[in-house]
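Enquirer: return a 3D structure for these sequence lines:
(one chain, ligands or ions: 1)
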Amino acid sequence: MKFANKVVFMAGAGSSAPGWSIGKATCVTLAQHGASIVAVDSNISAAQDAAEEAQKAGGKALAVQADVTDQASIERAVALATREFGGIDVYVANAGIGKIGGVAETQTSDLDRIYQVNVQSLLTASKLIIPHMIQRGGGAIVTISSVAGIRYIGYPHLAYSVTKAALIQFTRMIAQEYATLGIRANTVIPGLIDTPRIKKNVWSAFSTDGNEQEVNDKRNQQVPMQRMGTAWEVAKAVAFLASDDASYITGTELIVDGGLTGKY
Ligand SMILES: NC(=O)c1ccc[n+]([C@@H]2O[C@H](COP(=O)([O-])OP(=O)(O)OC[C@H]3O[C@@H](n4cnc5c(N)ncnc54)[C@H](O)[C@@H]3O)[C@@H](O)[C@H]2O)c1
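Expert: Next up is the predicted model:
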């Protein structure tokens, strides 16, 4: 029970379509180890689904509707977390969005919105959560970037890539600033992961007509291990970095990609 008496603030806890997203699998993985989960998502039914799965896994859980770009709603979520569970020990910044396309296809407004969700939200929530971690003598922050933030992986995903790159450096900065206060901050960098979101949002990079088999085959073949990763494989990496097993690890990244970045 590595997370017994630990409270986890999971931003982007749900799944954007039915099935196992990274956030939901992480809620369950941490709950299995005794964590109390604050499942935060802009989509309340997605938050409720994640909270229910965490409860089934044996943890306490609370579903909260909050948009990570809306300071007031994150303030309410943090207040609820501390009122119900007494504090926050772990913050996972998992909410992320993107838009397929390069310079020509990306509008300034796209970049603004994607930046707000993928990067600015980390500032908003960190300002609110870190004081609670300090009160408890420390904590762990895990941000979820992407291989697209460190490599060009074959298709233009401009706004997503630059914001996921920024997220990595942002996390390193937090690690330096709070190292003496017992707060660690690290990034998990997933590769091509088989979550419901890819069928919804990124299929156009792999198929002209959204053929699911074609999307899956191309993504599988691109990876040295010849398969996409699962949400559970990413969740285990998040759990490691969030746990005391990673007590001397801060300001760094853990790539979970079946060897993909080694190809580029
Ligand atoms: N699936 C992949 O192949 C892959 C690869 C690399 C990185 N990632 C990253 O992992 C994370 C999770 O990916 P996933 O595939 O599980 O995605 P997902 O879309 O299924 O899950 C993300 C959740 O975040 C929520 N969310 C989105 N915007 C929000 C906002 N403004 N406020 C609050 N909640 C919000 C969504 O409602 C959804 O429930 C994302 O940051 C994504 O960029 C995914």
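Enquirer: just give the nearest non-adjacent residue to the one residue in the chain that gets nearest to the ligand, would you?
Expert: When C-beta to the nearest ligand atom is the measure, the chain has its nearest residue to the ligand at G96, with 2.2 Å between them. In short, each C-beta sits where N, CA and C put it, glycine included. The shortest distance from G96 to any non-neighbouring residue, by C-beta to C-beta, 6 or more residues apart in numbering, is to N118 (5.3 Å).
Enquirer: same question, V256
Expert: With sequence-adjacent residues excluded and distances taken as C-beta to C-beta, 6+ apart, V256 is closest to A237, at 4.8 Å.
Enquirer: and the one you found, how far is that from A159?
Expert: Using C-beta to C-beta, to the nearest Å, one obtains 25 Å as the distance from A237 to A159.
Enquirer: may I have stretch 91-110 exported as PDB, CA atoms only?
Expert: Included here for stretch 91-110 are C-alpha records, laid out as PDB according to Å, rounded to 0.1, in the frame of the first residue of the first chain:
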ATOM      1  CA  TYR A  91      -0.600  16.100  -8.200                       C
ATOM      2  CA  VAL A  92      -0.800  14.500 -11.600                       C
ATOM      3  CA  ALA A  93      -1.100  16.900 -14.600                       C
ATOM      4  CA  ASN A  94      -2.700  14.600 -17.200                       C
ATOM      5  CA  ALA A  95      -5.200  16.800 -19.000                       C
ATOM      6  CA  GLY A  96      -4.000  17.400 -22.500                       C
ATOM      7  CA  ILE A  97      -5.400  18.300 -25.900                       C
ATOM      8  CA  GLY A  98      -3.900  18.800 -29.400                       C
ATOM      9  CA  LYS A  99      -4.700  19.500 -33.000                       C
ATOM     10  CA  ILE A 100      -3.200  17.700 -36.000                       C
ATOM     11  CA  GLY A 101      -1.500  20.100 -38.400                       C
ATOM     12  CA  GLY A 102       1.600  22.300 -38.900                       C
ATOM     13  CA  VAL A 103       2.100  26.000 -39.400                       C
ATOM     14  CA  ALA A 104      -0.500  26.400 -42.200                       C
ATOM     15  CA  GLU A 105      -3.200  24.500 -40.400                       C
ATOM     16  CA  THR A 106      -2.700  25.900 -36.900                       C
ATOM     17  CA  GLN A 107      -4.500  29.100 -35.900                       C
ATOM     18  CA  THR A 108      -3.200  31.400 -33.200                       C
ATOM     19  CA  SER A 109      -6.400  30.600 -31.300                       C
ATOM     20  CA  ASP A 110      -5.600  26.900 -31.500                       C
END
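Enquirer: may I see the buried residues of it?
Expert: Burial within stretch 91-110, assessed by neighbour count using 16 or more other C-beta atoms under 10 Å, is assigned to 91-101, 106, 110.
Enquirer: and what of stretch 135-151?
Expert: Using 16+ other C-beta under 10 Å as the test for burial, stretch 135-151 gives 139-151.
Enquirer: what sits closest to G86 if chain neighbours are left out?
Expert: Using C-beta to C-beta, 6+ apart, the closest residue to G86 is V7 (7.0 Å).
Enquirer: the one you found and V92 touch, don't they?
Expert: No. Shown here, V7 and V92 do not form a contact pair, counting by C-beta atoms under 8 Å, at 11.7 Å.
Enquirer: ok, longest helix in the protein?
Expert: Longest among the helix segments of the chain by residue count, using DSSP state H, is helix 158-178.
Enquirer: for that helix, which outside residues touch it?
Expert: Residues lying outside helix 158-178 but in contact with it, judged by C-beta atoms under 8 Å, 6 or more residues apart in numbering, are 93, 96-99, 101-103, 105-106, 110-111, 114-115, 118-119, 122-123, 126, 130, 134, 141, 143, 145-146, 148-150, 152, 183-187, 189, 250-253.
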